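Colleague: Predicted model follows, preceded by the sequence.
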Amino acid sequence: TRNFGVELEVGNEYPRSFISSIIKNYTNMKVNISNYTQSVNNEHWVVKTDASCGRKTRSNGINEGGYEIASFVASGTNDIEKIAKVAHGLKKGGVRANNNCGYHIHVNVADFTENDMGKLISYWLLIEDMFFNIVPFRRTVNRYCKKVKIKKEET
C-alpha cells in the first residue's frame, strides 16, 4: 500500500506523441507531454524531455537528449502491473533505452521515523554491492550513480 512512482528514460528515436499513444493504449490513462520539469504527485503519466539520456553522437560529447517517462503516483500490485504493461508496450513498439538511460523508483517514506530510516540505510548498505554488480560497469562509474557506502582507506 506504500505509494511509489517510476521514471523510465528512453532515447529520442520516436516522438513523444508515439510514446504517449503506447501508454494510453496499455493503460487508458491520461498522458501529459512537456519539456523537462519536476513532476510530483502525478495523477497521470508524463512524457518529458531529458537532456541526460540521449545518445552522445556529436564529436564534442554533447548529449542530444532523450525522454523521461514519469508514472502516476502508484500503490499496490495492480499499479505494478500497469507499469509493467507500459514497459512491455514500449519495448514491443520499438522504444529503447541507450547507454545513458536509467530507471528510477521513488518510494514515499514520509511516515518513517529516524530509526526506520536508519534501518533502511543499514539494509541498503548490506546489499548495495550486489546491486552495483548486476548493472553494466559504465553505470557504476558516473556522476549520477554513486554508492552510499564509503570504502575504508587502508592504513
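Modeller: Now that the structure is in, tell me what you want to look at.

Colleague: Pull the CA coordinates from the strand or helix carrying Asn78 and hand them back as PDB.
Modeller: Here Asn78 sits within helix 77-92, counting by DSSP states H and E. Extracted in PDB, the C-alpha atoms of helix 77-92 (Å, rounded to 0.1, in the frame of the first residue of the first chain):
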ATOM      1  CA  THR A  77       0.300  -4.800  -7.300                       C
ATOM      2  CA  ASN A  78      -2.400  -3.600  -9.700                       C
ATOM      3  CA  ASP A  79      -0.300  -0.400 -10.400                       C
ATOM      4  CA  ILE A  80       2.900  -2.500 -10.600                       C
ATOM      5  CA  GLU A  81       1.100  -4.500 -13.400                       C
ATOM      6  CA  LYS A  82       0.100  -1.200 -15.200                       C
ATOM      7  CA  ILE A  83       3.700   0.000 -15.100                       C
ATOM      8  CA  ALA A  84       4.900  -3.400 -16.400                       C
ATOM      9  CA  LYS A  85       2.400  -3.300 -19.200                       C
ATOM     10  CA  VAL A  86       3.700   0.100 -20.200                       C
ATOM     11  CA  ALA A  87       7.300  -1.200 -20.200                       C
ATOM     12  CA  HIS A  88       6.200  -4.200 -22.300                       C
ATOM     13  CA  GLY A  89       4.300  -1.900 -24.700                       C
ATOM     14  CA  LEU A  90       7.200   0.400 -25.100                       C
ATOM     15  CA  LYS A  91       9.600  -2.500 -25.900                       C
ATOM     16  CA  LYS A  92       7.100  -4.000 -28.300                       C
END
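
Colleague: Can you name the element that comes right after that helix?
Modeller: Next element after helix 77-92 (DSSP H and E): strand 103-107.

Colleague: Which strands border that following strand, and is each parallel or antiparallel?
Modeller: Strand 103-107 pairs in its sheet with strand 3-10 (antiparallel), by DSSP bridges.

Colleague: what does the average pLDDT come to for the partner strand?
Modeller: The pLDDT scores in strand 3-10 average 95.

Colleague: Could I have the CA atoms of the host helix or strand of Lys119 written out in CSV?
Modeller: Here Lys119, judged by DSSP H and E, is contained in helix 114-133. Output of helix 114-133 as CSV, limited to C-alpha atoms (Å, rounded to 0.1, in the frame of the first residue of the first chain):
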residue,chain,number,x,y,z
GLU,A,114,14.6,8.4,12.3
ASN,A,115,15.0,4.8,13.5
ASP,A,116,13.2,3.5,10.4
MET,A,117,15.5,5.5,8.1
GLY,A,118,18.5,4.1,10.0
LYS,A,119,17.3,0.6,9.4
LEU,A,120,16.6,1.2,5.7
ILE,A,121,20.0,2.6,5.2
SER,A,122,21.6,-0.2,7.1
TYR,A,123,19.8,-2.8,5.0
TRP,A,124,20.8,-0.9,1.8
LEU,A,125,24.4,-0.9,2.8
LEU,A,126,24.3,-4.7,3.2
ILE,A,127,23.0,-5.2,-0.4
GLU,A,128,24.4,-2.2,-2.3
ASP,A,129,27.4,-4.1,-3.7
MET,A,130,25.1,-6.7,-5.2
PHE,A,131,23.0,-4.1,-7.0
PHE,A,132,26.2,-2.5,-8.4
ASN,A,133,27.4,-5.9,-9.6
